[in-house]
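Undergrad: Provided below for reference: sequence and predicted model.
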Amino acid sequence: MAFALPDAAGAALRFRDCDGGECARLTVPLDHGGTVPGRLSLTVRHDSLRPPRGVTLVLPGAAGAPNPSTYEWEELMAQQDIVIFEPRGTGRGALRCRDLEAATATDAGREAAACAALLGEKRRFYRAADTVEDIELLRRELGAERLTIAAPGYGSYVAQRYALRYPERVERMILTSAVDAAGFDPLYRDSVIAARRVLADLCASRCRRFTRDVNGDTQGLVAELADSPLRGWIVRPDGRRRAATLTRQELLFILLSSDDSPIARADYPAAVVSALRGDPAPLLRLKRRATAGIGSLYPRYASAAAAAAATCEEVRFPWSWNAPPAERAEAAYRTETTMDPSAAFPFDPGALVRSEPMRLCARWPTASAGPPPEPGPMPDVPVLLLADGPEIGAPVETAARVAARFPRAKLLVTGAPFEAFDDCGERAVRRFMRGDRVQDRCPKSGPLIPATAPLPVSIRSLEPVRGLPGRRGQVARAIGATMGDLIDDYFARVFGNAGFALAGVYRAGGLRGGSIRIATESERTRLTRYEFVRGVRLSSRWDNESEGIRVRVDGPGRLDGALRLLESDDELAFRVRGRLGGRRVRTQVRVESRLLTLFEEAELARAAAALPWPVRCGPPYRFSSSSWLDSFLPRRPTPRCASGAAAATGSPARG
């Protein structure tokens, strides 16, 4: 179908069918100023299957990221032609620096400096100002008089810069997780303010079992880390342990990364408490998840080199623009010693000046002439800002400052943790696109996953399962906790880590030892001395055709044995049969997984809400011990409920 905009007759882009839409190549100069020769070819895609009433350009949310996802925008803007393009340095012509791609996410300064030398002088042509000119060329080629721009994160910064440069070409803007037009703050000062609020909300009720002040715990741990890093062990996918450390800036990185993982956010308070009590394993596991998630993005999904160029050639750091590394180190030290410690609480100034962008660019030789100009007053264009209340990396505090720059900006704080939009946000976007008044507030929601208690260190901290007293009952409880944590850890790693989806085989180490291997196609699982509770190691092999799971237990002391885990009437539990410590065992053990419990509660609530009478229901789906890893996903609800007269007597209702 033709790209049927009213004034698109002269458009030079040649669109061809591609993946449900149409694609073309946009040729842009490397240097829009015309001094340095060279051209770049960028892929443009649009949806040609709907008659458009306007053009909406969707920008990616991170520097160095290629085409963004348009699924949510296509649903919300049914009468708009959704256009995306690969920003310079990404996609087919992505900049590559292999050492930087493999570098540690929290300390890549040396690799970034080497990447700058590899890129040469062209590294100065990958800033937002260059992308702004690319967008203007794209608008002309499309034949669109004006653009609606939808942009999260770094894309919101580019959108604001485009509005400053070409205000008459902007129809409206929808910005989420906004970055200030004055630039990204490498010291994360808004984020630490948000962290105080978010952690207090997370721990409002569920943390009282193990702490009175999660922010005070963080401050205490940061003080210890300022003297020396936390030391411990992490377990590699082959089951071998290796020494690991955690610094105070890495603790900040963990908290910022938890914006992308509800499990990491829920685990953070207890992991800090565990570290203060002498158990570093939970916190080191959070670090491993956060850093592995970043590394898996390259090179398939983003360009580390383009991201570094955009950051180091554009962000205002606390040193002069072209300062050599020694002067940058001195400037960072002055910033640390002069910063008010209360501005960094619950962290300290030392953690902020050692943030990953500060370390990334400390040795980067700046090639551009100077920083982007201060934005000043923003143009009078309609702007809708959606801010996620629980977000730390792009907090409400920053969004409020962005909104204050525009004469006509609407800031709406949504209750959509870890989602693009909730119902309230979707309604706001639709009203904004129609020109209607946007609501003033959204319902406040609690954390998606409540804060969790500290993980058990040994069986002494566990209650025996019912009907099996003593240490054997504690070992049985440890088996249920191990199975539950294995499921939760799997999905904590998968969230935000597309590399796992492409690997075909999942491998991971246990919290304290051993390993798991899952062949995703054959659905075969192997545990090798997998250890979650210290001293309780499980070994097993099974697939989805297995009749139960046969487990070899290497327990503390003489509590070894061979057990069989079988399906039970409790949908989130299994029957245990076999021998443990030389004695016969017959009991039932519940899988202590937070995700399974949440799925169970959510499905139960939906099933109950669908019935026209008050109900009292049992769990909504049956747990199968022969395929426990993939059977946690909710099936069609078939709750056993009591209603009417049956509810009064407690007898189950049929159907």
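TA: Perfect, thanks for sending it.
Undergrad: In a strand, Arg88, correct?
TA: No. Checked against DSSP: H, G, I helix; E, B strand; the rest coil, Arg88 lies outside a strand; its state is coil.
Undergrad: so it touches Val132, yeah?
TA: No. With contacts counted by C-beta atoms under 8 Å, Arg88 stays clear of Val132, the gap being 11.1 Å. All C-beta atoms are positioned from the backbone trio N, CA, C, and that covers glycine.
Undergrad: So these two - more neighbours on which side?
TA: Shown here are Arg88 and Val132; by other C-beta atoms under 10 Å, Arg88 has more neighbours (25 against 19).
Undergrad: In contact with that one, which residues?
TA: 28, 40, 42, 125-126, 130-131, 134, 306 (C-beta atoms under 8 Å, 6 or more residues apart in numbering).
Undergrad: Torsion angles phi and psi at it?
TA: phi -60, psi 140 (degrees, to the nearest 10).
Undergrad: For the closest residue to Ala24 other than its chain neighbours, give me its contacts.
TA: Spatial nearest neighbour of Ala24, chain neighbours left out: Leu13 (4.1 Å); criterion: C-beta to C-beta, 6 or more residues apart in numbering. Leu13 makes contacts with 3, 24-26, 44, 141-142, as judged by C-beta under 8 Å, 6+ apart.
Undergrad: Need the three-state assignment for Ser342.
TA: Going by three-state DSSP: Ser342 is helix.
Undergrad: That one: neighbour count?
TA: Using other C-beta under 10 Å, Ser342 has 6 other residues around it.
Undergrad: repeat for the one 10 residues further on
TA: The number of residues packed near Leu352 is 25, by other C-beta under 10 Å.
Undergrad: Confirm that it sits in a strand.
TA: No. Under three-state DSSP, Leu352 falls outside any strand and is assigned helix.
Undergrad: separation between it and Leu251?
TA: 12 Å (C-beta to C-beta, to the nearest Å).
Undergrad: cool, and Leu538?
TA: 31 Å.
Undergrad: any weak-confidence spans in the stretch 401-550 of the chain?
TA: 416-420, 495-503 (pLDDT under 70).
Undergrad: what ranges do the helices span in the stretch 401-550 of the chain?
TA: 423-434, 470-494, 498-503 (DSSP state H, counting those that start in this stretch).
Undergrad: Export those helices as CSV, with columns for distance to Ala331 and mean neighbour count.
TA: What follows is the helices of the stretch 401-550 of the chain, written out as CSV (distance: least, C-beta to C-beta, whole Å; neighbours: other C-beta atoms under 10 Å):
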stretch, distance to Ala331, mean neighbour count
helix 423-434, 40, 18
helix 470-494, 38, 22
helix 498-503, 37, 14
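Undergrad: Same list (the ones you listed) but as CSV, adding distance to Asp180.
TA: CSV is the format used below for the helices of the stretch 401-550 of the chain (distance: least, C-beta to C-beta, whole Å):
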stretch, distance to Asp180
helix 423-434, 21
helix 470-494, 31
helix 498-503, 29
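Undergrad: For Asp213, which of the ones you listed is the nearest?
TA: Asp213 lies closest to helix 470-494 among the helices of the stretch 401-550 of the chain, at 25.3 Å (C-beta to C-beta).
Undergrad: What's the local residue count around the residue lying closest to Arg590 once chain neighbours are set aside?
TA: In space, not counting the residues next to it along the chain, Arg590 is nearest to Ala573; the distance is 4.3 Å by C-beta to C-beta, 6+ apart. By the criterion of other C-beta under 10 Å, Ala573 has 20 neighbours.
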